[in-house]
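Trainee: need a 3D model of the sequence below.
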Amino acid sequence: MNVELNSNDPVPHTHLITLHEVDIQLTNRKTILTETTPTNDNNQFTNVIKSFLSKVFSQPIIDHNWESRYYSGHLVATCGNFVAYSLKRQNGDDIVCVFYKQVDFRSVINPPFSGDIHDLVFSFSDDVLLACVDQASHLRIYRIEKVDEPNELQHILILFIDLQYSNNQYPPTLSWCYFIPDSNDSEDNDAYTMLSVTHGSNVEVLNVDIASQSCISENMLSLNQIENGRLTYADNNGNVTCVCFSPDGTALGTGTDKGEIKFFSINFDQPQTCRCLHLWIPHEGRPISSLFFLDDHKNLTQDTQLWRYAISGCDQNRELKVWSCTNWSCLQIIRYLKVSFMKYELKIMLKHSSRQKSSIPRISTITHAEGLKISVHIIH
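Mentor: Sure thing, here's the model as predicted:
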């Protein structure tokens, strides 16, 4: 069955993707969905009640023309009402601008950085932490605070590390842990401050709350000077292309350009016990583009089973698969038929609908008219 979604139509279109395999073809003015009838027991998706997708509204908040090219990291990061973005100075070095959307509170971070900002990301903790890494592989982590008198934002450097990465062919990228505490976790659990730094085949995991205790004033540290709160994962086949923490903070997933995904245990108290828990090749050896766990961060109960489902992407996210982490079976496949000029960035919208009570997650994709980004909404 083919379904055509025409972008010229003033009425917004949504199409519930119910079957096991779906091909999506993007053209300049329309989107065509082809659904393939499943040949196995994965047709459980056909029995799911229909739900809605909210309309997507956009409002320009940054007026800047970045160079049109592929960026391995983020140029813009958000955390609630906080927005951070990098800008190029006339001397070639970047600066980071931070502002608070509700009121005109702004701050410019200019330590100075060396060359380009390769990545900048906000943490998911109550404390607003901003991590950024520049072209010289200098990692800086700031605490961002809103001060009412005077009306301004303050940025406080809490950790400064020289990663000493010499190969700029693989710029470092950053990922925070989106931690979901259970009833036994204390409110000050520091899993919120776990940060991964990738470079080539290596991944460093820092517990920023612990590692920052090694930082004296604003002095730069080397990785070897961090005595506690650091783990290194070098047992990856190929260059690491994506990283994802399990929501309980006990495991780390890494995807590589050799098509492998590995799950490693996390234990800062006993680093020598950290090992590979599972090796997985979800896309027949093709390079992994993305990996996400599909957990409901908004409607957690004591009976919620964490990291039950996952989504993986390959071929620059032109193919997406939903997996059951219980038995590693594939529940659904979505393919965006290849268009040479399109590259897709995959994001997970962490707000879930409370109207839907199905135990099976579903994918809905929102494709921007330019074909440059896919937002994926998983509804439980």
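Trainee: who are the contact partners of residue 255?
Mentor: With contact taken as C-beta atoms under 8 Å, 6 or more residues apart in numbering, residue 255 is in contact with 240-243, 261, 288-291, 312. Backbone N, C-alpha and C define where each C-beta goes, glycine included.
Trainee: among those residues, which one has the most neighbours?
Mentor: Ranked by the number of neighbours (other C-beta atoms under 10 Å), the contacts of residue 255 place residue 288 first, at 28 neighbours.
Trainee: who does it form a beta bridge with?
Mentor: Judged by DSSP bridges, the bridge partners of residue 288 are residue 314.
Trainee: 803 is where my numbering starts, stick with that
Mentor: Noted, 803 is the first residue going forward, which turns the last one into residue 1090.
Trainee: contact partners for it?
Mentor: Contacts of residue 1090 (C-beta under 8 Å, 6+ apart): 1043-1044, 1057-1059, 1061-1063, 1084, 1114-1116.
Trainee: that older thread, tell me which of the contacts of residue 1057 fall in strands.
Mentor: Among the contacts of residue 1057, DSSP state E puts 1042-1045, 1063, 1090-1093, 1114 in strands.
Trainee: closest to residue 1014 among the residues you listed?
Mentor: Nearest to residue 1014 among these: residue 1045, at 20.6 Å, using C-beta to C-beta.
Trainee: can you tell me how far residue 868 is from residue 862?
Mentor: 14 Å (C-beta to C-beta, to the nearest Å).
Trainee: looking at those two, which one has more neighbours?
Mentor: Comparing residue 868 with residue 862 by other C-beta under 10 Å, the one with more neighbours is residue 868, at 13 against 5.
Trainee: secondary structure element for that one, which one?
Mentor: Assigned by DSSP states H and E, residue 868 belongs to no helix or strand.
Trainee: I figured it hits residue 877, correct?
Mentor: Yes: with contacts counted by C-beta atoms under 8 Å, residue 868 reaches residue 877, the gap being 5.8 Å.
Trainee: which residue ranges of the stretch 903-1052 of the chain form strands?
Mentor: Counting by DSSP state E, counting those that start in this stretch, the stretch 903-1052 of the chain has strands at residues 907-911, 919-924, 930-936, 940-949, 954-964, 975-978, 996-1001, 1004-1009, 1023-1024, 1032-1035, 1042-1047.
Trainee: okay, now residue 1018: neighbour count?
Mentor: Counted with other C-beta under 10 Å, the neighbours of residue 1018 add up to 7.
Trainee: including distance to residue 887 and pLDDT, could the contacts of residue 1090 go into JSON lines?
Mentor: Below are the contacts of residue 1090 laid out as JSON lines (distance: C-beta to C-beta, whole Å; pLDDT from 0 to 100):
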{"residue": "1043", "distance to residue 887": "23", "pLDDT": "94"}
{"residue": "1044", "distance to residue 887": "22", "pLDDT": "94"}
{"residue": "1057", "distance to residue 887": "26", "pLDDT": "96"}
{"residue": "1058", "distance to residue 887": "29", "pLDDT": "96"}
{"residue": "1059", "distance to residue 887": "28", "pLDDT": "95"}
{"residue": "1061", "distance to residue 887": "33", "pLDDT": "96"}
{"residue": "1062", "distance to residue 887": "33", "pLDDT": "97"}
{"residue": "1063", "distance to residue 887": "31", "pLDDT": "96"}
{"residue": "1084", "distance to residue 887": "33", "pLDDT": "95"}
{"residue": "1114", "distance to residue 887": "29", "pLDDT": "94"}
{"residue": "1115", "distance to residue 887": "25", "pLDDT": "93"}
{"residue": "1116", "distance to residue 887": "29", "pLDDT": "93"}
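Trainee: could you report the neighbour count for residue 902?
Mentor: Residue 902 - counted by other C-beta under 10 Å - has 19 other residues nearby.
Trainee: could you measure the closest residue to it other than its chain neighbours against residue 906, distance?
Mentor: Excluding the flanking residues, the one nearest residue 902 by C-beta to C-beta, 6 or more residues apart in numbering is residue 883, at 5.4 Å. Distance, residue 883 to residue 906, using C-beta to C-beta: 12 Å.
Trainee: do the same with residue 934
Mentor: Distance of residue 934 to residue 906, given as C-beta to C-beta: 23 Å.
Trainee: give me the more crowded residue out of these two.
Mentor: Under the criterion of other C-beta under 10 Å, the comparison of residue 934 against residue 906 puts residue 934 first, with 25 against 9.
Trainee: who touches the more buried one in this structure?
Mentor: For residue 934, counting by C-beta under 8 Å, 6+ apart, the contacting residues are 886, 888, 898, 911, 915, 919, 921-923, 941-944, 976.
Trainee: turn these into a markdown table, columns for neighbour count and distance to residue 825.
Mentor: Compiled in a markdown table, the contacts of residue 934 are given as follows (neighbours: other C-beta atoms under 10 Å; distance: C-beta to C-beta, whole Å):
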| residue | neighbour count | distance to residue 825 |
| --- | --- | --- |
| 886 | 26 | 37 |
| 888 | 25 | 36 |
| 898 | 23 | 40 |
| 911 | 23 | 44 |
| 915 | 22 | 43 |
| 919 | 27 | 37 |
| 921 | 24 | 32 |
| 922 | 25 | 35 |
| 923 | 21 | 33 |
| 941 | 25 | 41 |
| 942 | 23 | 44 |
| 943 | 24 | 42 |
| 944 | 24 | 44 |
| 976 | 22 | 33 |
